[in-house]
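A.B. asks: quick one: sequence and predicted model below, then my questions.
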Amino acid sequence: MRIRILAAVTIAASAAAVAPVLTVTNGQPDGNTHPFVGTVIQFIPNTDLISVCSGSAISPTRFLTAAHCADPNLPVFVTYKSAPPFSLATDFTQGTFHPNPNWCPGCGHGLPGADAHDVAVVSLNSPRNPGAFAALPSAGLVDTLLSNTPVEIVGYGVQGFIHGGGNPQQVFLFTRYFAPSLLIDGNDRLGGEFIKLTANPAQGKGGICFGDSGGPDLLEGSHTVLAVNTFVLNTNCAGVTYSQRVDLPDILSFIMGV
């Protein structure tokens with residue numbers, strides 16, 4: 001769910017085309033609606049690529065994201081700027097990546113052998129105040145929610161695809177987008193760790209895509225993070241998506257302990 005793009009000292013958007021397109025994720029530019037949602041990048045050694053994920057500020061020095069987003073042995077860089085152009089020198093803050101010690105890719109239950117404990121916290125070297133902060137949920141909050149509970153998804157990932165003339169091309173604008181979604185059947189979770197969200201644009205709902213990993217799934221109308229984006233089931237980013245629950249006691253304990 002993280003995405004890799006070409007890197008430069010001044011980071012610009014990589015887009016498949018400039019013509020308007022209907023996006024699979026069916027979102028819209030966020031502007032300043034969710035200022036606490038940012039993007040985290042990591043330079044991949046011996047290449048000219050960077051890894052890109054999303055996440056949210058939970059304090060001036062802590063950034064919540066997904067464990068599969070980065071290598072803890074290398075520095076990461078976080079920004080809350082909502083859209084390009086970006087300057088690495090002025091817009092990003094360096095930090096240290098702390099994946100959950102119990103994170104285990106491929107060790108989970110269910111469909112594609114999903115990750116387990118797919119949560120990480122970035123400790124920023126310098127405090128940053130984006131203007132608001134995300135809120136952690138109370139333990140077990142997801143278990144109290146009904147099917148079709150409205151959720152807001154936010155991230156910097158792929159906004160859609162251009163079809164025709166070969167393989168679909170990703171539209172990646174390096175811009176913070178948000179979209180409405182719905183919790184699907186509160187009892188349908190992989191091993192109790194994940195929530196399932198609709199990603200059906202035909203119903204006017206959005207969905208996460210590549211680069212949205214770690215971004216928050218927010219209880220509608222609030223800053224409360226129910227889960228962080230983890231994986232999709234197909235390369236079109238349509239149908240349903242899964243996100244690691246944040247409201248589990250051991251996950252909350254890890255987050256608050258970093």
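C.D. replies: The structure has been received and is ready for your questions. Numbers count the residues shown, from 1 in each chain.

A.B. asks: give the pairing partners of whichever strand in the chain runs longest; include direction for each.
C.D. replies: Across the chain, the longest stretch assigned as strand under DSSP state E is strand 49-59. In the sheet, strand 49-59 lines up against strand 3-6 (antiparallel), strand 37-43 (antiparallel), strand 62-65 (antiparallel) (DSSP bridges).

A.B. asks: check which residues of that strand are buried.
C.D. replies: Residues of strand 49-59 classed as buried: Ile50, Ser51, Val52, Cys53, Ser54, Gly55, Ser56, Ala57, Ile58 (neighbour count, 16 or more other CB atoms under 10 Å). The way it works is simple: take the backbone N, C-alpha and C, and place the C-beta from them, glycine included.

A.B. asks: from those residues, pick the one nearest Ala116.
C.D. replies: Cys53 (18.0 Å; CB to CB).

A.B. asks: who's that closest one bridged to?
C.D. replies: Partner residues in beta bridges with Cys53, using DSSP bridges, are Val40.

A.B. asks: quick one, grab the pLDDT at it.
C.D. replies: In this model, Cys53 is scored at 91, pLDDT.

A.B. asks: now the one 10 residues further on
C.D. replies: Phe63 is assigned a predicted lDDT (pLDDT) of 98.

A.B. asks: quick one: residues contacting it.
C.D. replies: With contact taken as CB atoms under 8 Å, 6 or more residues apart in numbering, Phe63 is in contact with Gly38, Val40, Gly55, Ser56, Ala57, Val78, Gly95, Val121, Val122, Leu124.

A.B. asks: what about 10 Å?
C.D. replies: Counting by CB atoms under 10 Å, 6 or more residues apart in numbering, Phe63 touches 36-40, 55-57, 76, 78, 80, 93, 95, 97, 120-124, 128, 130, 134, 214.

A.B. asks: go on, Leu219?
C.D. replies: Taking CB under 10 Å, 6+ apart, we find Leu219 in contact with Ala135, Pro137, Leu141, Val142, Leu145, Thr149, Pro150, Val151, Glu152, Leu183, Val225, Leu226.

A.B. asks: okay, now the unreliable bits of the chain?
C.D. replies: 1-26, 106-115, 158-172, 185-191, 199-211, 231-240 (pLDDT under 70).

A.B. asks: show me which helix runs longest in it.
C.D. replies: Longest helix in the chain, counting residues (DSSP state H): helix 249-257.

A.B. asks: now do the buried residues in that one.
C.D. replies: Ile251, Leu252, Phe254, Ile255.

A.B. asks: my guess is Ile255 contacts Pro99. True?
C.D. replies: No: counting by CB atoms under 10 Å, Ile255 does not reach Pro99; the two are 11.7 Å apart.

A.B. asks: so which of the contacts of Leu219 is the most crowded?
C.D. replies: The most crowded member of the contacts of Leu219, judged by other CB atoms under 10 Å, is Val225 (28 neighbours).

A.B. asks: and it, which of the three is it?
C.D. replies: Reduced to three states with DSSP: H, G, I helix; E, B strand; the rest coil, the structure at Val225 is strand.

A.B. asks: can I get the CA coordinates of the longest helix of the chain in CSV?
C.D. replies: Provided in CSV are the C-alpha atoms of helix 249-257 (Å, rounded to 0.1, in the frame of the first residue of the first chain):
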residue,chain,number,x,y,z
PRO,A,249,-5.7,-2.3,24.0
ASP,A,250,-2.3,-3.6,23.0
ILE,A,251,-2.1,-1.2,20.0
LEU,A,252,-3.1,1.7,22.1
SER,A,253,-0.5,0.7,24.7
PHE,A,254,2.2,0.6,22.0
ILE,A,255,1.2,4.0,20.6
MET,A,256,1.1,5.8,23.9
GLY,A,257,4.4,4.2,24.9
